[in-house]
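> Sharing a model that was predicted from the sequence below.
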Amino acid sequence: MLNFSKPTVEQFLRTYVISDFAVSKDEDRIVFNTNLNGKMNLWAMDLPDTFPYLFAQKDQSANFIKFDPEGRYVLTGYDNDGDENYQIYALPSEGGMPEALITGEPNEKYYFTHLSDDGKRVYYVTSEGNPNFLNAKVRNLEDNSDTLLNEGESGPTYLSAVSEKEDVFVYMRLLANTYIQLFVKDGDSMTSLTPDAEKVHVASGPVFVGEKDIYFTTNFDQEYSYVAKYNLDSKEFETVFQIDNESIEGIKYDKENNYLYMTTEKGVEDVLYRYNLETQALETLSTPFDVVGKLVVTKAGNLYVLGRSATVPFNIYKSTTGNDWVSITNNRVLGVSQEEMVEPEVVTYKSFDDMEIEALLFRANPENDNGYTIFWPHGGPQASERKMFRAMFQSALNRGYTIFAPNFRGSTGYGSSFVKLVEQDWGHGPRLDCVAGIEWLFENNITKRDKLFLVGGSYGGYMALLLHGRHPEYFKAVVDIFGPSDLFTFVNSVPPHWKPMMERWVGDPERDKERFIKDSPITYLDTMVKPMLVIQGAKDPRVVKEESDQIVEKLKDLGRDVEYLVLEDEGHGFSKKENEIKVYNMMLEFLEKHQG
């Protein structure tokens, strides 16, 4: 009989991303954003046929997809090689070459928010004229005129919901990841949807139900987000329902059946629920995925979900009942079954102050174990490591590495207080949570003290640099993927609409000068002695190239072993498949080189 070789790293890296999708009004077509041909483009399937075809080619990431209700066109938004300056484009209904619709200077942003039911008016938010706080406008497609609806102030302000009659608007003001206000504008008055807008809380995801009720999620006066509603006549706030120890992250309204669908973030997994507005019954729905990327409820009441799990890449699923799921796409690892990949264990450990930290532990298969472990601090920082497919993880596991990913303080999914613990403390508590996790690995004989690597991206890259500088004795080598290296330069280089929230998130460089020095990786150049690989996107608007340039230059001046890869056509991530493959192959080769 034939004997085939074990799966190669390349097979795992050949999986594809699906970042967004939309379903046509009659559900006969689905359009999704994917790098199926190596670069991000829009592809489509004419249901029930599930053979994908190229729908629009621009070789750029799209941040939304919207069908015209009358079937005349499709709207989408593109940036330029990851610079996140998204602008709005239109396509013929059958696809084709995107044409600029609402655009401006290359450094301006135009974010789509709503399309009128007759498809004649496009609501959007733009940085043009108000780069820090943003303005909301509406474009009349019949005469190409723009009308200013709202000028943002105090913080970046987004148009979040428009009533059916287009006479009532809900605005979201983002003051921090943990302080998001919702206001309703009815006529000339602007009213908070929660009882006290000045009290720090999160309110998001507004949905109009009927003409008078606005449903939304909030953690006002609570640890976990729940569903609330605001009545336009009575101007009263009311709690609708909450779920113990789970944050409700988003709601969708099924007008046909009078249901609310919602997902909750429960640690490393998402849970999907259905709430009957008439009977007030709450039902947990079973799903074939662990993490929900997007939920769509069609006019007929059907569900479509972009979901993934640790061993299943991004796929789009459909259900007519909420439980009978069918995968519409078939995105899979080339020649590798789900059973051949590694599911994570969910573990907990005590940190330096006895706080309990949850983590994902991916154990290398015994027959393949090379004895080394990759410690992975996630990005965000107000995010979390979830049970979601990462080609990088499965390719490293294939090479015999064990992977440990802690949800240190500041991670989402564990309550409001836990998320806030990273604010104005980027480098102390979370760092010591990571150190405690490393010691837990040693104490439980998961890895040996001389066989630990450190890899992180974004905030995880910052943490990788900081751990390297302050605890170099733990690591064989370090990989930093677009991580901030100096808090002083970082807070001044972020996009303009991020700047209003930097004080609450990171701190004030003058007031907090001593802490900024202590928590900046660049302070610890003398102890960064282990081999390093640094990856950076040249067009990254969040962590600009200079953040990596400066630490690489200084370390090289000190004679350190530093490899540096700059991707000229990427931003804060990898949208092009060949770049992603290049990065992760380079990373694995770097780790293998430093195993000795």
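Nice, thanks for sending it over.

> how far away is the residue most central in space within the chain from residue 28?
For the chain, the residue nearest the mean C-alpha position is residue 383 (7.7 Å; CA atoms, centre = their mean). Residue 383 is 36 Å from residue 28, where distance means CB to CB, to the nearest Å. All C-beta spots, glycine's among them, are computed from the backbone N, C-alpha and C.

> repeat for residue 362
Per CB to CB, residue 362 is found 40 Å from residue 28.

> same deal with residue 278?
Residue 278 is 30 Å from residue 28, where distance means CB to CB.

> in the sheet, who's paired with residue 202?
With DSSP bridges as the criterion, residue 202 is bridged to residue 180.

> rewinding a little: who has more neighbours out of residue 278 and residue 28?
In terms of neighbours (other CB atoms under 10 Å), residue 28 is the more surrounded of residue 278 and residue 28; the figures are 13 against 8.

> since we're on the residue nearest to that one when sequence neighbours are not counted, how many residues are nearby?
Spatially, and ignoring its direct neighbours in sequence, residue 28 is nearest to residue 47 (5.6 Å; CB to CB, 6 or more residues apart in numbering). Neighbourhood size, residue 47 [other CB under 10 Å]: 15.

> show me what contacts residue 47?
Residue 47 makes contacts with 27, 28, 29, 30, 328, as judged by CB atoms under 8 Å, 6 or more residues apart in numbering.

> What is the burial count for residue 195?
11.

> Tell me the secondary structure of it, please.
Secondary structure, DSSP: H, G, I helix; E, B strand; the rest coil: residue 195 is coil.

> Can you read off the pLDDT for it?
On the pLDDT scale, residue 195 is placed at 97.

> per-residue confidence for the closest residue to it other than its chain neighbours?
Spatial nearest neighbour of residue 195, excluding adjacent residues (CB to CB, 6+ apart): residue 237 at 5.3 Å. pLDDT for residue 237: 97.

> ok, residue 266 - contacts?
Shown in contact with residue 266 (CB under 8 Å, 6+ apart): 245, 246, 413.

> What separation is there between it and residue 115?
The gap separating residue 266 from residue 115 is 33 Å, by CB to CB.

> Likewise for residue 435?
To residue 115, residue 435 is 49 Å away according to CB to CB.

> likewise residue 284?
Residue 284 sits at a distance of 32 Å from residue 115 (criterion: CB to CB).

> do the same with residue 359
Here residue 359 is placed at a distance of 42 Å from residue 115 (CB to CB).

> which one of the two has more residues nearby?
Set residue 359 next to residue 115 and count neighbours by other CB under 10 Å: residue 359 wins out with 23 against 19.

> looking at this, residue 553 is in a strand?
No - read with three-state DSSP, residue 553 is helix and lies in no strand.

> quick one: the helices in this structure?
Using DSSP state H, the helices of the chain run over 9-13, 391-398, 416-420, 429-443, 459-470, 487-493, 502-505, 513-519, 545-557, 577-593.

> what's around residue 300, how many residues?
Counted with other CB under 10 Å, residues neighbouring residue 300 total 12.

> Check residue 339 too.
Here the count is done by other CB under 10 Å, and residue 339 has 7 residues near it.

> And the pLDDT for it?
Residue 339 carries a pLDDT value of 90.

> go on, the one 4 residues further on?
We note a pLDDT of 96 for residue 343 in this prediction.

> who are the neighbours in contact with it?
Counting by CB under 8 Å, 6+ apart, residue 343 touches 310, 311, 362.

> neighbours of the residue lying closest to the last one once chain neighbours are set aside, just the number please.
When you say that, I think you mean residue 362. Excluding its sequence neighbours, the residue lying closest to residue 362 (CB to CB, 6+ apart) is residue 403, at 4.2 Å. Using other CB under 10 Å, residue 403 has 24 neighbouring residues.

> One more: residue 101?
21.

> measure it to residue 72 for me?
From residue 101 across to residue 72, the span is 13 Å (CB to CB).

> now do residue 203
For residue 203, the distance to residue 72 - CB to CB - is 35 Å.

> Those two: which has the busier surroundings?
residue 203 (27 against 12).

> contacting residues around that one?
With CB under 8 Å, 6+ apart, residue 203 has these contacts: 172, 180, 181, 182, 193, 194, 216, 217, 218, 220, 228.

> follow-up on the earlier one: quick check, the residue nearest to the centre of the chain in contact with residue 411.
Yes - under the criterion of CB atoms under 8 Å, residue 383 makes contact with residue 411 at 6.9 Å.
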